[in-house]
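the amino acid sequence is not available; the structure is as follows:
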């Protein structure tokens, strides 16, 4: 990552740091990069400017922008590319984010709502991921907490003296099967008691809700459950309660092949390979939820700003979506190269997240 330049006083850049000429040259370079992915030379910049400047004058400004850390030269040629800091500055200070057209809104809504007719939350999320991929030409990504699924039925079935299969059936029809360890010398009657107790409690509630209720019952009335049943229930809930970092939730990624288009260099292929490795390594994806929970609306992570995809040099545009109680239950968005079409992707992700939140109520 670019180190702060002492000449800048180690502070964030603002628009006041650039005069009108510098801003226009910088914008021209970044917009050209976002469109082509290629370094931009002073001669091409001078042709595209609304003001009349010689290539020599443009080169001087480009040199100043490089000193500020906004541009870098990838090779010995005179062409420049924006740095990650430059892209961040562009997105924060200069990017003009448009709005979706009515036709685009209808297209998104028709696709996502059609999947809801099957009454499956996962189908809604899968369609949202696929749709984002198609519209952005990046990879659509959705991550949702399993612990926030509303339950319909639960059952414990002993498969070994100290192991049981826990079967969770959700309201959307999905089924989770997990093996949990049992306390030693647990009688079969305790499994039946735990099953009956939970089924009386779970209708339409999430595991997080049930766990909170169980803790309240324990504190208020220990006689409600005997000790062995409490242990069984705790073991069953812990599996899906969000405490297991090796299985953070359901990840849906669609359109990864889009990331393989328009590759011009060996380093591009290596970047994509690293990104695919990151996507397969599910254990770190819980970071996405944490990132999204820090604020409402769309969040943008460019390159190394997000440790999850830092090695692949990718950008991530995500927004949280909520359940009927306005709790954040997941994130959705787009992963792509740092030269994503941010002006188009940002409103697309924002609208899709709000639409999914409305559907899941």
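Arrived safely. All values reported here derive from a predicted model rather than from experimental measurement.

and the helices in the stretch 201-350 of the chain?
In the stretch 201-350 of the chain, the segments counted as helices under DSSP state H, counting those that start in this stretch are 207-220, 227-240, 266-280, 286-292, 342-359.

rank the ones you listed by pLDDT, which is bottom?
Set side by side, these differ in mean pLDDT, and helix 286-292 is lowest with a mean of 60.

give the buried residues for stretch 40-57.
Residues of stretch 40-57 classed as buried under the neighbour-count rule (16 or more other CB atoms under 10 Å) are 40, 41, 42, 44, 45, 46, 53, 55, 57. Using the backbone N, CA and C atoms, a C-beta is placed for each residue, glycine as well.

equivalent analysis for stretch 171-186, please.
171, 172, 174, 176, 180, 182, 186.

ok, so of the residues you listed, who is nearest residue 296?
residue 172 (25.4 Å; CB to CB).

for the closest one, which three-state class applies?
Of the three states, residue 172 takes coil under DSSP: H, G, I helix; E, B strand; the rest coil.

neighbours of the nearest residue to it once chain neighbours are set aside, how many?
Excluding the flanking residues, the one nearest residue 172 by CB to CB, 6 or more residues apart in numbering is residue 121, at 4.4 Å. Around residue 121 there are 26 other residues, counting by other CB atoms under 10 Å.

so residue 121 touches residue 360, yeah?
Yes. At 6.6 Å, residue 121 counts as touching residue 360 under the criterion of CB atoms under 8 Å.

would you list the buried residues of stretch 171-186 in JSON lines and tack on distance to residue 257 and pLDDT?
Below are the buried residues of stretch 171-186 laid out as JSON lines (distance: CB to CB, whole Å; pLDDT from 0 to 100):
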{"residue": "171", "distance to residue 257": "33", "pLDDT": "79"}
{"residue": "172", "distance to residue 257": "28", "pLDDT": "71"}
{"residue": "174", "distance to residue 257": "26", "pLDDT": "72"}
{"residue": "176", "distance to residue 257": "29", "pLDDT": "73"}
{"residue": "180", "distance to residue 257": "38", "pLDDT": "78"}
{"residue": "182", "distance to residue 257": "45", "pLDDT": "81"}
{"residue": "186", "distance to residue 257": "49", "pLDDT": "81"}
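
which two among those are spaced furthest apart?
Going by CB to CB, the pair spanning these furthest: 172 and 186, at 31.3 Å.

and residue 95, what does it touch?
342, 343 (CB atoms under 8 Å, 6 or more residues apart in numbering).

so what's it scoring on pLDDT?
Residue 95 is assigned a predicted lDDT (pLDDT) of 93.

would you mind measuring from it to residue 313?
In this view, residue 95 and residue 313 are 19 Å apart by CB to CB, to the nearest Å.

same question, residue 26
Applying CB to CB, the value for residue 26 to residue 313 is 21 Å.

the two: who's more crowded?
Neighbour count, other CB under 10 Å: between residue 26 and residue 313, residue 26 has more, with 26 against 19.

specify the local secondary structure of the more buried one.
On the basis of three-state DSSP, residue 26 is classed as helix.
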